[in-house]
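In: Quick one, fold the following:
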Amino acid sequence: MTPVGVRTDSVTVDGLLDRAAADWGELTAVVDGTRRTTYRELAALCRDVAGGLAALGVSKGDRVAIWMPNRLEWVTAFFGAISAGAVVVPLNTALSPAEALYQLAHSGASVLIICDTFRGRDYLSDSLTLREQVPQSLSLVVVGESSDPTTVAWQQLASGMPGFAPTVNHALDPAIMLYTSGTTGQPKGAIHCHRFTETLAATATRLRLSEKDCVVLYLPLFHVYALMAGMLLMVSVGAKLVLMERFRSPESLRLIRSEGATMVYGVPTTYIDQLNDPAVDAIDFAKIRFAITPLAPDLSRRVRAKFRAPCLNTYGSTETASTVIMPTLKDTVDVAVGTVGRPLEGIRTVIVDEVTGLPVPDGAQGLLLIRGPSIMLGYHNDPIATAGAFNGEGWFRTGDLVRRDAKGNIVFIGRHTDHYRVGGELVDPVEVETVLQAHPAVQRAAAAGVPDDRLGQVGYAWVQLRSGAEVTVENLKAHSARALAAFKVPRQIFLVAELPTTPSGKVQKFRLLAAVEAPAADLDVELDTEPNHA
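Out: Down below sits the predicted model:
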């Protein structure tokens, strides 16, 4: 049965490329180093890859994992797998062998497409070991060199299969499985069907995108932001995608200039590096129409001033297939950087009270619920987590605290699951972390609530110091007390050698909390209340 409000005539993911080849066939689709590929050429390459995957036995619903950096082969592997009817499972190139093993086994991937090496790491060796450890049969396709006769060369796969006919996909067929960051436990595989293309169309309209646009993509394609709002959004309008395997500020600025980029995508680190790069002053940003990123307001204003273009703060997640709420290009600076704008066409939102679940009035804080064509179908093989992610009426529980202003703009406040109550008073851990990170000795901080018999919860914080810095816990508490209400000051502060993070750099607070409960546990987290002399 088709869910209410879901169109069944949506353009499928592979349909986006077919349309681009038909409408903009001679325009450049992908630039990868010295390789420049038109949309017509890209579509032909992807058909051949689809045929090669079919020859390996891939059929409707099978999972194909991709484990390599941004390359033309990543793009063709993605669309080829989709055309073969498979569900694509992008793997983070920073995954440890143990993390990759979990995602390969959990997804049930039957094919793994890898590069041979990247940044000094031997992915071929790791993958050969993983193939012996996963419970399912796993074909290994290698982009690059491989002397192992049990692997399949990329050139062989991309040679196609005589008589191959692309699989017919439908709007509600699963297309992509994206793993969450794993900040609260094992990552979950969010399954998206082809209908998220409706939200891509709404995004393109909101940003006035066309075949004349271009983006330099140094954000990794395995991430939902780069995949959806980068590669697939560009293909949906016939725009040019310029790939970088890894971010380097000088090279990114050079490509922005030489390729005529009309937009800039990034994260705080990339923008900071670009702003601090001496080469930035020699760049003519006249062609840049906008920049997109979730930035702090002060950094957004700096980006806007340097690029001389709107800098838009947006909202989305792995479960929503990237961006679902964003400002417009005509919004004021305060709206563009101080809010995440308004829902895209086709996206419905409601803000409800944390306790009653009833809608709250504009201006009041509450939990954000979302419905729309780009919301995931659910978590792979996890009915309990899937049931918990939606309420009884089918609304996706984002777990985020927001408020709506009088003009309909949504202001992001923070993660509800991260907030904790000390004696009934709500504490935002981001506020605590921001204060701690303002101390000159602190490189990064994480805060969380732990159970307390009297107050219900109290705040704990973990601090990683800058190299060579020294500070005591007492100093940090005094620093916090000068900026925070007493109930917000952490009860305990631990100095740690390094904060445990996911491959995408998010702090795994569940590991920090586990270390408090069982300090002897092998968590690679050193709990220390003495000065850090690193």
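In: Could you use CA atoms for every contact and neighbour count after this?
Out: Will do.
In: Tell me where the model's unsure across the stretch 301-450 of the chain.
Out: Scanning the stretch 301-450 of the chain with the threshold set as pLDDT under 70 gives 417, 426.
In: Likewise for the chain?
Out: In the chain (pLDDT under 70), the answer is 1-9, 182-185, 417, 426, 503-504, 517-534.
In: Could you chop it up by domain?
Out: Domains of the chain are assigned by automatic domain parsing as 13-194, 313-415, 420-517.
In: do you know which of those domains lies nearest residue 270?
Out: The closest of these to residue 270 is domain 420-517. By CA to CA, the value is 13.6 Å.
In: Show me how far the closest one is from its chain's centre.
Out: Distance of domain 420-517 from the chain centroid (CA atoms, centre = their mean, to the nearest Å) equals 25 Å.
In: still on that earlier bit, can you put the domains of the chain in JSON lines and add mean neighbour count and distance to residue 206?
Out: As requested, these are arranged in JSON lines below (neighbours: other CA atoms under 10 Å; distance: least, CA to CA, whole Å):
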{"stretch": "domain 13-194", "mean neighbour count": "20", "distance to residue 206": "18"}
{"stretch": "domain 313-415", "mean neighbour count": "19", "distance to residue 206": "6"}
{"stretch": "domain 420-517", "mean neighbour count": "18", "distance to residue 206": "28"}
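In: can you put those in TSV and add distance to residue 233?
Out: Formatted as TSV, those follow (distance: least, CA to CA, whole Å):
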stretch	distance to residue 233
domain 13-194	9
domain 313-415	11
domain 420-517	22
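In: which stretch among these comes nearest residue 207?
Out: domain 313-415 (6.7 Å).
In: Pull up the gap between residue 444 and residue 37, please.
Out: Counting by CA to CA, to the nearest Å, the separation of residue 444 from residue 37 is 42 Å.
In: For residue 202, which of the domains of the chain is the nearest?
Out: Nearest to residue 202 among the domains of the chain is domain 313-415; the distance by CA to CA comes to 5.6 Å.
In: From the chain's centroid, how far away is that closest one?
Out: 16 Å.
In: State the next helix or strand along the chain beyond the longest helix along the chain.
Out: When the chain is parsed with DSSP state H, its longest helix is helix 39-55. Using DSSP states H and E, the next helix or strand after helix 39-55 towards the C-terminus is strand 63-67.
In: quick revisit: tell me the angle the longest helix of the chain makes with strand 63-67.
Out: Angle of helix 39-55 versus strand 63-67, following axes from the mean of the first three to the mean of the last three CA atoms, to 10 degrees, is 120 degrees.
In: What are the contacting residues of helix 39-55?
Out: Applying CA atoms under 8 Å, 6 or more residues apart in numbering, the contact partners of helix 39-55 are 17-18, 20-22, 24-30, 76-77, 79-84, 156-162, 164-166, 238.
In: gap between that helix and the chain center?
Out: Worked out by CA atoms, centre = their mean, helix 39-55 lies 26 Å from the chain centre.
In: export it as PDB, just CAs?
Out: This file holds the C-alpha atoms of helix 39-55, laid out as PDB (Å, rounded to 0.1, in the frame of the first residue of the first chain):
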ATOM      1  CA  TYR A  39      26.600  13.400 -19.000                       C
ATOM      2  CA  ARG A  40      26.200  11.200 -22.100                       C
ATOM      3  CA  GLU A  41      29.500   9.500 -21.400                       C
ATOM      4  CA  LEU A  42      28.700   9.100 -17.700                       C
ATOM      5  CA  ALA A  43      25.400   7.400 -18.500                       C
ATOM      6  CA  ALA A  44      27.100   5.000 -20.900                       C
ATOM      7  CA  LEU A  45      29.800   4.200 -18.300                       C
ATOM      8  CA  CYS A  46      27.200   3.600 -15.600                       C
ATOM      9  CA  ARG A  47      25.200   1.200 -17.900                       C
ATOM     10  CA  ASP A  48      28.300  -0.800 -18.500                       C
ATOM     11  CA  VAL A  49      29.000  -1.000 -14.700                       C
ATOM     12  CA  ALA A  50      25.400  -2.100 -14.100                       C
ATOM     13  CA  GLY A  51      25.900  -4.900 -16.700                       C
ATOM     14  CA  GLY A  52      29.100  -5.900 -15.000                       C
ATOM     15  CA  LEU A  53      27.400  -6.100 -11.600                       C
ATOM     16  CA  ALA A  54      24.600  -8.100 -13.100                       C
ATOM     17  CA  ALA A  55      27.200 -10.500 -14.500                       C
END
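In: Now name the helix or strand holding the residue of the chain positioned farthest from its centre.
Out: In the chain, the residue that sits farthest from the middle, by CA atoms, centre = their mean, is residue 454; the gap is 38.8 Å. Residue 454 belongs to no helix or strand when elements are defined using DSSP H and E.
In: Next one: it relative to residue 423, how far apart?
Out: Distance, residue 454 to residue 423, using CA to CA: 8 Å.
In: what does whatever helix or strand residue 254 lives in contact?
Out: Using DSSP H and E, residue 254 maps to helix 249-258. Residues outside helix 249-258 that contact it (CA under 8 Å, 6+ apart) are 215-216, 218, 242, 244, 261, 270, 273-274, 277, 279-280, 283-285.
In: Out of those, which is nearest to residue 327?
Out: Lowest distance from residue 327 to these (CA to CA) belongs to residue 215, with 19.1 Å.
In: follow-up on the earlier one: any idea how far residue 422 is from the residue farthest from the centre of the chain?
Out: The spacing between residue 454 and residue 422, counted by CA to CA, is 9 Å.
In: Give me the contact list for the very next helix or strand once past the helix holding residue 254.
Out: Sequence-wise, the next helix or strand downstream of helix 249-258 (DSSP H and E) is strand 263-265. Contacts of strand 263-265 with the rest of the structure, by CA under 8 Å, 6+ apart, involve 213-217, 219, 288-293.
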